[in-house]
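Participant: How does the following fold in three dimensions:
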Amino acid sequence: MHGHGIIHREIKPKNILGSDDDVVKICNYGVAKSMAEKDTPCRFTGTIPYMAPEVLVKDAEHDKLMDAWSLGCVMAELLTSKLLFAGKNESNRLFKIYYVRMALSC
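Facilitator: From the prediction side, this is the model:
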């Protein structure tokens, strides 16, 4: 996908399919975009528990690292059987993701 210049922007367990012959495929390209597009979307893209911190920053570049972050959240969930950014509500989950971004930028 990235080799073809596409950013998925919605990597989550529901969009990852596995087959009996151990082939993994990603589906649901509804919010995908071309890497050639330079405009930064002005709305949140993705599902909150898997959303990359840069999505929360208005003028941040949306790139393939967003997909890598989301895949990392999926892998953490597979290993622990828990959401990496669980919370009481949507606002609480968004705060936890943003807090990680702030901690990483220090």
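Participant: which residues of the chain score low on pLDDT?
Facilitator: 39-44, 58-59, 105-106 (pLDDT under 70).
Participant: Against H8, how distant is A68?
Facilitator: 11 Å (C-beta to C-beta, to the nearest Å). C-betas here are computed from N, CA, C, even on glycine.
Participant: Who has more neighbours out of these two?
Facilitator: Shown here are A68 and H8; by other C-beta atoms under 10 Å, H8 has more neighbours (24 against 12).
Participant: measure the residue most central in space within the chain to D20 for me?
Facilitator: The C-alpha lying nearest the average C-alpha coordinate of the chain belongs to S70 (C-alpha atoms, centre = their mean; 3.2 Å). Relative to D20, S70 is positioned 25 Å away (C-beta to C-beta).
Participant: next one: D63
Facilitator: Relative to D20, and taking C-beta to C-beta, D63 is found at 34 Å.
Participant: So between these two, which is more surrounded?
Facilitator: Ranked by neighbour count (other C-beta under 10 Å), D63 and D20 place D63 first, with 15 against 5.
Participant: Could you tell me how far the more buried one is located from G87?
Facilitator: On the measure of C-beta to C-beta, D63 and G87 end up 26 Å apart.
Participant: rewinding a little: so the residue nearest to the centre of the chain belongs to a strand, correct?
Facilitator: No. Under DSSP: H, G, I helix; E, B strand; the rest coil, S70 falls outside any strand and is assigned helix.
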